[in-house]
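Provided below are the primary sequence and the corresponding predicted coordinates.
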Amino acid sequence: MRLSDKVALITGAASGIGRAASLLFAQNGAAVIAVDVDDTSGEETVALIRQQGGQASYFHADVASPTGSQEMIEHAEATFGKLQILFNNAGIMLGEDADAISTEEAIWDRTMEVNLKGVFLGCKFGIPALQRAGGGSVINTASFVAILGAATPQIAYTASKGGVLAMTRELAIIHARQNIRVNALCPGPLRTKMLMDYLDTEEKRQRRLVHVPMGRFGEASEMAQAAIFLASDESSYITGADFSVDGGLTAAYVTPDEPTPL
């Protein structure tokens, strides 16, 4: 199996990309530490893994907390003896996040705490664990908006994901000769609860979709397939990459058969 004898920690594992990746990683032989603040859904992810014969443990942690981030890594090593895959996936998208004029500082600060500081703390405490294990893979969830601006204004989210991408590149350089690879997964618009709650009208959804050449939202399961590639030895010569999985969005401004974007 692709991740046989590997131990993976996945944040934001209660739903969306995190849950899909947790299930797929376990199906491919990894022992999974599923991390979230939603205990009910996080435990459900672990139960689903165990039902399919996999190994998993749930851990409650707010990734924006240094204590929580340190303890989740300690839990991984205490439970499974090592850590080789760190998937910093947890993130938020707040409905009040708009343009620079109307977005409140509290919205900016909370978005940065979770989306950017959370990835920093995951790496701060997780990379030493990978070093102790002899190497491994770090995957940080960024977004297509780290490369392009969003059609629907969300200034804090966009800036946070741009920071994740920049930090990923620097960490990749720092640890390139330590058998540690660091890559950014850059999803396009997904049919997940988080984005659908944010794009809460059909007009907003169509405004986003008009830019996607494939003409549809992506699925969490498709992002999990990209993540397992980055986690596995199949991507052994890939580090510092912005791995765009976006239905062609970053390759084209707008498709010829679609109307001009709003």
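Happy to help now that I have it.

ranges for the strands of the chain?
With strands called from DSSP state E, the chain shows them at 7-11, 31-36, 56-60, 85-88, 136-141, 180-187, 242-245.

tell me which of the ones you listed lies nearest to residue 77.
strand 7-11 (8.3 Å; CB to CB). Where you see a C-beta, it was placed from the backbone N, CA and C, and this is true even at glycine.

just the CA atoms of the closest one, as CSV, please.
Output of strand 7-11 as CSV, limited to C-alpha atoms (Å, rounded to 0.1, in the frame of the first residue of the first chain):
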residue,chain,number,x,y,z
VAL,A,7,2.0,7.6,10.6
ALA,A,8,0.1,10.7,9.5
LEU,A,9,-1.4,13.6,11.5
ILE,A,10,-4.2,15.4,9.7
THR,A,11,-5.7,18.6,11.1
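
need the contact list for the nearest residue to residue 225 once chain neighbours are set aside.
Distance criterion CB to CB, 6 or more residues apart in numbering; nearest residue to residue 225, sequence neighbours excluded, is residue 24 at 7.1 Å. When contacts are counted by CB atoms under 8 Å, 6 or more residues apart in numbering, residue 24 is found next to 221, 224-225, 227-228.

if we use 10 Å, what do you get?
Residue 24 makes contact with 2-3, 30, 32, 221, 223-225, 227-228, 231, according to CB atoms under 10 Å, 6 or more residues apart in numbering.

and for residue 176?
Going by CB under 10 Å, 6+ apart, the list of residues near residue 176 reads 182, 239-240.

number of residues surrounding residue 225?
Residue 225 has 13 neighbouring residues, counting by other CB atoms under 10 Å.

identify each buried residue in the longest helix belonging to the chain, please.
For the chain, the helix that runs over the most residues, judged by DSSP state H, is helix 155-174. Residues of helix 155-174 classed as buried by neighbour count (16 or more other CB atoms under 10 Å): 155-165, 167-169, 171-172.

with respect to residue 186, which of those residues is nearest?
residue 165 (7.2 Å).

could you find the closest non-adjacent residue to the closest one?
residue 146 (4.0 Å).

and if you look at residue 113?
Using CB to CB, 6+ apart, the nearest residue to residue 113 is residue 64, at 4.1 Å.

okay then, goodbye and thanks.
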